[in-house]
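> Provided below are the primary sequence and the corresponding predicted coordinates.
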Amino acid sequence: MRDGTTLEHVDVGEGADRRRIAVRVRDGAGPAIVWLGGFRSDMGATKAMAVDAWAAAEGRRFVRFDYSGHGESEGEFSACTISTWLADAEGVLAAHAPEAPVLIGSSMGGWIACLAARNLAARGASAPTGLVLIAPALDFTEDLMWDRFPPEVRSTLEQDGVWLRQSAYAPEPDAITMALIEDGRRNRLLTGALDLRCPVHILQGMNDPDVPHAHAFRILDRLPSAGTVLTLIADGDHRLSRPQDIARLLSAVAEMARPASAG
């Protein structure tokens, strides 16, 4: 490709659930840096492209992909759940970043990154080099959706199985399904201690209407204190895509991706 990346595909799932996941790979040195995007976002988003440009300049391997039902990947968004998107991420990691990757998770991608890291630990596999989490929305289907929904929305979900929510980030509504809510409950991480066996740096805006900064404190309370950093941006929103926010993100990624021998 002219931009220095190659378009790859990873097949995930079996039978009727089999789908092709679109992946962009920039070859380079060091453990792969992997972008895990947010709910309804795609691998061409502003922050992902900023990290891609940084990786090109630094000669680092960088992997970004679209979840099922997102961007260039196959699948119907309304048929997907957190488990679907976790399987996508794990398929991409196995194919393109099997050894100690640096995971960058934005919003929902923060939850997916933490689930993937937890599963690596459960299998006794190599832990990630580190996680950089941007407004991480761990357990958002329960804590930031279901718990906030008024009774009429809960009723619609329970009776119809789906509710169309107007989006602040896209012209078409988000199809929120009861299957998504129920699956989210099976993937909750904030019900106890959370040791991901690697350093974690959280970047959180305090002016975030979607993932309040109090949610970041809940995550912080469950992570080991050693190796965990929380950066609060007082005027930062959910996107954290302003030039100054991007600069903070790239600094966090560079520090996380730095070889241990570099001190």
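Yep, it's here. Residues are numbered from 1 along each chain as shown.
> Look at the residue most central in space within the chain and tell me its secondary structure.
Closest residue to the average C-alpha location of the chain: residue 109 at 1.1 Å, with Cα atoms, centre = their mean. Here residue 109 is recorded as helix under DSSP: H, G, I helix; E, B strand; the rest coil.
> try residue 168
For residue 168, the assignment made with three-state DSSP gives coil.
> quick one, helices of the stretch 101-250 of the chain?
Using DSSP state H, counting those that start in this stretch, the helices of the stretch 101-250 of the chain run over 108-122, 140, 151-160, 178-186, 213-222, 243-257.
> Looking at those helices, which is nearest to residue 129?
Closest approach to residue 129 among these (Cβ to Cβ): helix 243-257, 6.7 Å. All C-beta atoms are positioned from the backbone trio N, CA, C, and that covers glycine.
> helices or strands up against the closest one?
strand 29-36, helix 46-58, strand 102-106, strand 130-134, strand 200-205, strand 228-233 (3 or more Cβ pairs under 8 Å, 6 or more residues apart in numbering; DSSP states H and E).
> relative to strand 130-134, how tilted is the third one?
Put plainly, it is strand 102-106. 10 degrees (axes from the mean of the first three to the mean of the last three Cα atoms, to 10 degrees).
> now swap in the first one and tell me
Counting by the same axes, to 10 degrees, strand 29-36 points 30 degrees away from the direction of strand 130-134.
> Buried residues in strand 29-36, which are they?
30-36 (16 or more other Cβ atoms under 10 Å).
> Tell me which residues are up against that strand.
By Cβ atoms under 8 Å, 6 or more residues apart in numbering, the surrounding residues in contact with strand 29-36 are 43, 47-48, 51-52, 55, 59-65, 89, 92-93, 96-97, 99-106, 109-110, 112-113, 116, 129, 253, 257, 259.
> Please work out how many residues are found near residue 113.
Per other Cβ atoms under 10 Å, the neighbour tally for residue 113 reads 30.
> Kindly apply the preceding question to residue 249 instead.
Applying other Cβ under 10 Å, we find 23 residues neighbouring residue 249.
> what sits against it?
47, 50-51, 104, 132, 134, 203, 240.
> could I get the helices and strands packed on helix 243-257 as TSV with distance to residue 189 and mean pLDDT?
TSV is the format used below for those (distance: least, Cβ to Cβ, whole Å; pLDDT from 0 to 100):
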stretch	distance to residue 189	mean pLDDT
strand 29-36	15	96
helix 46-58	22	98
strand 102-106	12	98
strand 130-134	12	98
strand 200-205	12	98
strand 228-233	14	98
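> Mind putting the ones you listed into a markdown table with distance to residue 72?
Shown next, in a markdown table, are the helices and strands packed on helix 243-257 (distance: least, Cβ to Cβ, whole Å):
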| stretch | distance to residue 72 |
| --- | --- |
| strand 29-36 | 14 |
| helix 46-58 | 13 |
| strand 102-106 | 18 |
| strand 130-134 | 22 |
| strand 200-205 | 27 |
| strand 228-233 | 31 |
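> Looking at these, spot the one closest to residue 23.
strand 29-36 (9.8 Å).
> and the closest one, C-alpha only, in CSV?
C-alpha atoms of strand 29-36 as CSV (Å, rounded to 0.1, in the frame of the first residue of the first chain):
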residue,chain,number,x,y,z
ALA,A,29,10.5,-3.3,14.8
GLY,A,30,9.6,-4.3,18.4
PRO,A,31,6.5,-5.9,19.9
ALA,A,32,3.4,-4.9,17.9
ILE,A,33,1.4,-1.9,19.0
VAL,A,34,-2.3,-2.8,18.5
TRP,A,35,-5.2,-0.3,18.3
LEU,A,36,-8.6,-1.4,19.7
